[in-house]
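>>> okay, predicted coordinates and the sequence, questions at the end:
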Amino acid sequence: MTIAIYPGSFDPITNGHIDILKSGAEIFDKVIIAVSYNANKQGFLPINIRTELIKEAVKDIPNVEVDSFEGLTVEYAKKIGAKVLLRGLRTSFDFEYEMQLSQTNHALYNDIKTVFLITKPEFNYISSSCVREILLNKGDISGFVPEAVYKYLDKSF
Ligand code: ADP
């Protein structure tokens, strides 16, 4: 059974993330979407809210689980016995960063492999940071995030 981890901040999860996740769930037996956090650094949304929103957004995909972790992704991967990291690519800027990250993770843990999936064009421009910016300026984020996430953010901000 091949388990892939899809690690990231997901602050908040967007339609772009969901697209990559759905494709990953078609390829791997199980995909664990793992929200990384730093207890000393408060993100935009608290970690428990981020994970709850993701759980709601992915509840219809049977082979996807949601978890969170602090520290190195490779240590988390070792702990749960996963050897594949799933990451999404939007642009060549993502590629430069992701290549370095993938090589670093491989240097830290020889057994780990990163698999990249390219986003669909309609999600290419979506990022969590843009969603946060639009939200703080009272813009409409309904086309950027899953419905459950939209409902929560619309009510909270
Ligand atoms: P990180 O803080 O690790 O970059 P993110 O939550 O920003 O975490 O992103 C997690 C993963 O999802 C990364 O591989 C990122 O490139 C990918 N990703 C982010 N937005 C999109 C999108 N719109 N389409 C496809 N992949 C995306």
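Yep, it's here.

>>> now do the same contact list for the residue of the chain found nearest the ligand.
Nearest residue of the chain to the ligand, counting by Cβ to the nearest ligand atom: Gly16, 2.0 Å away. Backbone N, C-alpha and C define where each C-beta goes, glycine included. Gly16 makes contact with 88, 90, 119, 123-124, 126-127, according to Cβ atoms under 8 Å, 6 or more residues apart in numbering.

>>> again, only this time at 7 Å
By Cβ atoms under 7 Å, 6 or more residues apart in numbering, the residues touching Gly16 are 88, 119, 123, 126.

>>> out of the residues you listed, who's near the ligand?
Applying Cβ under 6 Å from any ligand atom to the contacts of Gly16, one finds that 88, 119, 123, 126 fall near the ligand.

>>> can you check the pLDDT for the third one?
At Phe123, the predicted lDDT confidence score is 97.

>>> for it, what are its contacts?
Each residue near Phe123 by Cβ under 7 Å, 6+ apart is listed here: 15-16, 19.

>>> need these in JSON lines with distance to Ala82 and pLDDT, can you?
Listed next are the contacts of Phe123 as JSON lines, based on distance: Cβ to Cβ, whole Å; pLDDT from 0 to 100:
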{"residue": "Asn15", "distance to Ala82": "25", "pLDDT": "98"}
{"residue": "Gly16", "distance to Ala82": "22", "pLDDT": "98"}
{"residue": "Asp19", "distance to Ala82": "21", "pLDDT": "97"}
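
>>> quick one on the thing from earlier: doesn't the residue of the chain closest to the ligand belong to a helix?
Yes - membership of Gly16 in a helix is supported by DSSP: H, G, I helix; E, B strand; the rest coil.

>>> so which of the ones next to the ligand among the contacts of Gly16 belong to helices?
Using DSSP state H, the subset of the ones next to the ligand among the contacts of Gly16 located in helices is empty.

>>> put the buried members of those into a ChimeraX selection.
Buried residues among the ones next to the ligand among the contacts of Gly16 (16 or more other Cβ atoms under 10 Å), as a ChimeraX selection:
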select :88,119,123,126
